[in-house]
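Asker: Compute the structure for the input listed below.
(chains A and B)
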2 protein chains.
Amino acid sequence: MSFEFTLLAQDGAARLGRFDTPHGPLETPVFAPVGTAATVKAMRPRDLVELGASLVLANTYHLYLRPGDELIRDLGGLHRFMGWDGPILTDSGGFQVFSLSDARRIDDDGVTFKSHLDGSSHRFTPEKSIAVQENLGADVIMVFDECPPPNDYDYVRQSLGRTHAWAARCLAAKTRADQALFGIVQGGIFRDLREASARFLLDLDLPGYAIGGLAVGETKPEMHAVLEWLHPLLPADKPRYLMGVGAPEDLVNGVLRGIDIFDCVLPTRIARNGAALLLGGRINLRNAQYAADPLPIDPACTCYACAHFSRAYIRHLVKADEILASILLTTHNLHFLLHLMDDLRKAIRKGTLAEYADEFLSHYPVGGAGEQERTDH
Amino acid sequence: MSFEFTLLAQDGAARLGRFDTPHGPLETPVFAPVGTAATVKAMRPRDLVELGASLVLANTYHLYLRPGDELIRDLGGLHRFMGWDGPILTDSGGFQVFSLSDARRIDDDGVTFKSHLDGSSHRFTPEKSIAVQENLGADVIMVFDECPPPNDYDYVRQSLGRTHAWAARCLAAKTRADQALFGIVQGGIFRDLREASARFLLDLDLPGYAIGGLAVGETKPEMHAVLEWLHPLLPADKPRYLMGVGAPEDLVNGVLRGIDIFDCVLPTRIARNGAALLLGGRINLRNAQYAADPLPIDPACTCYACAHFSRAYIRHLVKADEILASILLTTHNLHFLLHLMDDLRKAIRKGTLAEYADEFLSHYPVGGAGEQERTDH
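Answerer: Next comes the predicted model:
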């Protein structure tokens, strides 16, 4: 049955699960690469399959503007359009629209905004966001919400009222049975607001719950606290999605606190800037120190890039602005994160997550602010 | 034995052959994709293997400037550097240096030129070109020659003396036994000069002969005439390489006139501009007429791009400047040319080349000027 979430194992708060979708089951915890414009940048669908990706995120705002959600519907929907047969998740467009800080006007009914492509004027309401997401046809769609600055209590509280009303309107507007509408718990860094938001959304009995408004400036301990407050409140038999989070240490910390789904542009974005993920941090291949380095990006890695090419070669490609630089670094970075998720699932199954996480996190500094970016330009 | 050329079949002037190199045999006639900066743009080596590419060309001038031929030597040579285990051919750098028309000064000993990257001053001589090509370590290397305007008899005749002296100096400078040095027949569109050039180079007893200075502004009938004059003069047991030529109809016309090796940036260059090769011409996916077109680039094609994606999707990728647009169009265009070469080899083996060529060429207009570009920027 579609959208059934089955818990296969638990280890502390962490959960190993299977989430059934119309395009096949997802093993959770899962990390979703971001395909903003209906392509995970520099990757073919077959490359994503080979890397072990199972869920892909696409951005409603971008596809609405270009090439247009109606065109995608007429061509058979997003799966066929982008050649991805597995599950797809679309966001609501809210995060992107609210990010256009100088080019949008919000009211209780919706948001009017100007396109970043040509300055043309558009309007999203909860109903419009659902209509666009239904045209796109992803397996998981999201409620249209406001993502407020996390530290302003009064603003967050006021915004919650709107976000909750919009969630109910999204649910009422939804017509397709083959799409799961997830709610988004907001409430900034404030426990009472987060708990109130969770309770409101639970009453809507949605098939999954996202935690929004994190990795947008709060500290890591603040992010972890939000996850810990929500853990006992959210239903055990529904998937939990931490939006826009994908730094390796954040994935481990999220899984430790019960998160099942993540997405982030980090691995693909930094790849196109010449950076590669390594245990404990990253290196930038643009750096002169790699000019004659015969080692692969990571001598312990088994990805295609590390199996065949030296840092010196990849640095040359980066400096020469070669497409292959983006291909190889994206391959490596996605392999790193998808392999990490595989390790985390194995550790939960074996009941050894705490040890695995301790060892992994010992390579990373503690603290620091999160930084979210949910579209891959 | 390395560099043995074995004729397996002939059909008219056309030849089916096997050219043995230190990195394996080449089936000829063969088309070599161009990897200017030690990467065929938008392709991984494994993609090239899957497409059936067997020979890759790299540009000596570009690799000398960046990342430097000595660095590539120190990292084990070009094959290891770029992860290509098959045969590689490097040009001499001459064509590129002479193309810097405002930034080079030629004398009988060599050419002084300014880098297109940073304006720094450099000098190539025949000996320097060979030293750089030996550092790179390709299987086939080329003599350093001048590529003059093809229609100026006096200039071409004067230039031939220098080109011939340089060919002899290249042969004298060469030290590696695992590289084959090919001569380059020049002489513009003039029969007496072409024949004189061939005779001079034949005396050097080189393992292969290129025909240079074509597809640089002469007409197609003039190009064909040069090939026909040289056909009886060039030794049957040495491979013949038509430099910088790769339009589909030119490949067929070259094979009909005895050519064994081709290279050209055309399929990869036009791909990055949104264009796809089709029988009889090309289409540009940027065009609005493809915005909602559900067909693949070529419904009859079996490449990965045509098997999975619509013109509408690829147009969207082109308009959104997505890397996947270049990947898919390069895949299709290389598939088109490499598949054509396969068809030509089969037709020679079966003795049906004339019929195959007649049918294929019936889709193309006759005449028109050739246009060569031997580096893929």
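
Asker: Quick check: closest non-adjacent residue to residue A:233.
Answerer: In space, not counting the residues next to it along the chain, residue A:233 is nearest to residue A:198; the distance is 4.6 Å by Cβ to Cβ, 6 or more residues apart in numbering or on different chains. Quick note: C-beta positions are derived from backbone N, CA and C, even for glycine.

Asker: Around the one you found, how many other residues sit close by?
Answerer: As a burial measure, residue A:198 scores 22 neighbours (other Cβ atoms under 10 Å in any protein chain shown).

Asker: Report the central residue of chain A.
Answerer: residue A:263 (1.7 Å; Cα atoms, centre = their mean).

Asker: contacting residues around it?
Answerer: Taking Cβ atoms under 8 Å, 6 or more residues apart in numbering or on different chains, we find residue A:263 in contact with A:31-34, A:55, A:57, A:89, A:241, A:243-246, A:374.

Asker: How about residue A:235?
Answerer: By Cβ under 8 Å, 6+ apart, the contact list for residue A:235 reads A:202, A:209.

Asker: Average pLDDT for stretch A:121-133, rounded please.
Answerer: Predicted confidence along stretch A:121-133 averages 97 (mean pLDDT).

Asker: Buried residues in the helix or strand residue A:169 falls within, which are they?
Answerer: Under the criterion DSSP states H and E, the helix or strand holding residue A:169 is helix A:153-173. Burial within helix A:153-173, assessed by neighbour count using 16 or more other Cβ atoms under 10 Å in any protein chain shown, is assigned to A:156-157, A:159-160, A:162-164, A:166-171, A:173.

Asker: Which element, helix or strand, includes the residue nearest to residue A:233?
Answerer: Using DSSP H and E, residue A:198 sits within helix A:191-203.

Asker: so that helix versus helix A:153-173, what angle?
Answerer: Calculated by axes from the mean of the first three to the mean of the last three Cα atoms, to 10 degrees, helix A:191-203 forms an angle of 10 degrees with helix A:153-173.

Asker: returning to what we had before: just to be sure, the residue nearest to the centre of chain A is in a helix?
Answerer: No. According to DSSP: H, G, I helix; E, B strand; the rest coil, the state of residue A:263 is strand, so it is not within a helix.

Asker: Would you check how far apart it and residue B:149 are?
Answerer: Between residue A:263 and residue B:149 the distance, using Cβ to Cβ, to the nearest Å, works out to 57 Å.

Asker: for residue A:239, what are its contacts?
Answerer: The contact partners of residue A:239, taken as Cβ under 8 Å, 6+ apart, are A:5, A:17, A:19, A:28, A:182, A:207-209, A:260-261.

Asker: any idea how far chain B is from it?
Answerer: Per Cβ to the nearest Cβ, to the nearest Å, residue A:239 is found 29 Å from chain B.

Asker: so what's the backbone phi/psi at that residue?
Answerer: According to degrees, to the nearest 10, the main-chain angles of residue A:239 amount to phi -70, psi 150.

Asker: for the stretch 251-377 of chain A, what spans make up the helices?
Answerer: A:266-272, A:304-308, A:311-319, A:323-350, A:353-361 (DSSP state H, counting those that start in this stretch).

Asker: of all those, which lies closest to residue B:277?
Answerer: Shortest distance between residue B:277 and the helices of the stretch 251-377 of chain A, using Cβ to Cβ, is found for helix A:323-350: 19.2 Å.

Asker: does that closest one come close to chain B?
Answerer: Yes. Helix A:323-350 comes into contact with chain B when judged by Cβ under 8 Å from any Cβ of the partner chain, the residues involved being A:323-324, A:326-328.
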